[in-house]
Structures are given as C-alpha cells and as structure tokens.
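Peer 1: sequence first, predicted model second:
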Amino acid sequence: MTAEPQISGYWQQPNPAAPGQPQTYGAAYHPQQTAYPQQSGYPQQPGYPQQPAYSQQYVAPVPYGAAGYGQVPAVYGAPAPYLGTVPPVQPGMVEPPGIGLVVLVTAVFGAFGAFPAAKRAKEARALGRSGRKYWLAFSATFAASWVASFAILFIAHAHAAATPPAPRTVVTASSLEQSILHEGDFRDTTGAVAKPSAATCAAQNVDQNGAGTWRCMVDFKGKKRMSFQVTVRADGGWVTG
C-alpha cells in the first residue's frame, strides 16, 4: 500500500475578515496597521560653496635615475632632506677628524697642543662621536715629550761625567826655555833667520798651569842678547809680543 500524502485543510480555512471587509479564502491576512503621525523633518543644512579648481601645471619629465631640478638626491638609509633646509647629520655617516694634528702640535709646541685637541673634540661631538681620543692623544704625546726630554738630558749628563777632561799642559820656566830654543822662529831686521843659542825665562803674570805672561832673555849666535815678552796660552803654545 502506498500512503497518500495528507493535505491539511488548515490553509483552506477562511481568514477572518477585517471589520467592513468581505471574507476571502486562500489569501494571507494582514491586519491593518495603525498609522503613526508623520515626523517633522530636520531643517536643511546649508551647502558649502564649491572650491575653485586648481590649474594643472606642466612638469617636465625627469630621466630615470637622475635627480630632478631643485631636488636633493636621498642617501640610502637616511631620510631625504627638505628643500631649503640643512639636513641633520646622522651619527656615523661622517668620519670625525683625525688626531695627527694634535700629536704634531703637542710634540713641537708642548702644552699648546690642547687647543687643536679641544677644537677637534668639539667637532666630533657635533657629529655624534666622542672627543675622548683627542685628549688621550694630547696627554700621551705631552707625557712622551717630557719623558724623551728628561732621557736626553740624563744621557748627555752621563756621557759628560764618563768622559775624562782633557789634560791641561803645565808650562814651567824650563819647558818654555826649551821650547824657545827648539821651536822658536826668530828673524833679524833683514829678515834672515836668527838661531837662538840660550834662553832664560821668568814668570810675570801666570796661573797655576803657567799660562800667562813671561819675560825671556834670548841669546843668539854672535853674542847678541834680546829681551822678549812671551804670552803662553792654556794649551801650552806661546807667542812673543
């Protein structure tokens, strides 16, 4: 057996008619809605005036990879500067000045090397770096200069102390007389060589080593005697006056 589908007759029941309306079958019933009073509208907002259109300006094309006119090319890794302003210096992008001038001025002029050290330390701080290395260079160079100066003075003093003084020649009356006889160069009025045969010397104004003034009597061949004032130097040499 096959069951037939059961059709409910509920939908065939007549819908209750509204008051004053005829009865209908099979139509959906919608009761009359109560009308609400119409809401008053809001006042219309005033309109804004239309903005004037800007005229389009012609911009010349810029070749690819080239900076445009009036533009500053941006450095990779740093913000592009604004036109008409000085771009801020990024720390680490600009190398600070070296310490060579500080070392040179300090080695030559000593304490005056503090001036370039202070100037370069200020420039380094403006670049975002530390200025400590310039003061370290100044201090190290200044200390090394003093150590080197004291070392040179100490070596010179030690060398002078180790070197014995040159012996001074001591001149006596006897040594002066022998020097006159063997080393004397005497000439007569005609320019001929006069050979001394004897000499006698006496000190007049001499120091403990015999340097000073002597009076010597010199005999020449032919029985001729002459008196000379002899000046003896510190090295033992002598001249007649």
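Peer 2: Cool, got the structure.
Peer 1: hmm, residue 97 is touching residue 121, no?
Peer 2: No: counting by Cβ atoms under 8 Å, residue 97 sits too far from residue 121 to count as a contact (9.6 Å). Bear in mind the C-beta positions are built from the backbone N, C-alpha and C, glycine included.
Peer 1: what's the longest strand belonging to the chain in contact with?
Peer 2: Identified as the longest strand of the chain according to DSSP state E is strand 196-206. Identification of contacts with strand 196-206 by Cβ atoms under 8 Å, 6 or more residues apart in numbering yields 171, 173, 176-177, 180-181, 184, 186, 210, 212-221, 229-230, 232.
Peer 1: still on that earlier bit, and residue 97 and residue 121? Which one has more around it.
Peer 2: Using other Cβ atoms under 10 Å, the more surrounded residue of residue 97 and residue 121 is residue 121, with 21 against 16.
Peer 1: can I assume that one is in contact with residue 131?
Peer 2: Yes: taking Cβ under 8 Å as the definition, residue 121 is a contact partner of residue 131 at 2.7 Å.
Peer 1: show me this structure divided up by domain.
Peer 2: 100-161, 173-240 (automatic domain parsing).
Peer 1: could you tell me the least trusted of those?
Peer 2: Of all the domains of the chain, the minimum mean pLDDT falls on domain 173-240 (a mean of 88).
Peer 1: what ranges does the protein have for its helices?
Peer 2: 100-109, 114-126, 132-162, 173-183 (DSSP state H).
Peer 1: next, the buried residues of the longest one.
Peer 2: It stands for helix 132-162. Neighbour-count burial for helix 132-162, with 16 or more other Cβ atoms under 10 Å as criterion, is recorded at 133, 134, 135, 137, 138, 141, 142, 145.
Peer 1: next: the shortest one.
Peer 2: By neighbour count, with 16+ other Cβ under 10 Å as the criterion, the buried positions of helix 100-109 are 101, 102, 103, 105, 106.
Peer 1: now do the last one
Peer 2: Residues of helix 173-183 classed as buried by neighbour count (16+ other Cβ under 10 Å): 173, 176, 177, 179, 180.
Peer 1: any idea how far residue 145 is from the residue nearest to the second one when sequence neighbours are not counted?
Peer 2: Leaving aside its chain neighbours, residue 176 sits nearest to residue 201 (4.8 Å; criterion: Cβ to Cβ, 6 or more residues apart in numbering). Between residue 201 and residue 145 the distance is 57 Å, computed by Cβ to Cβ, to the nearest Å.
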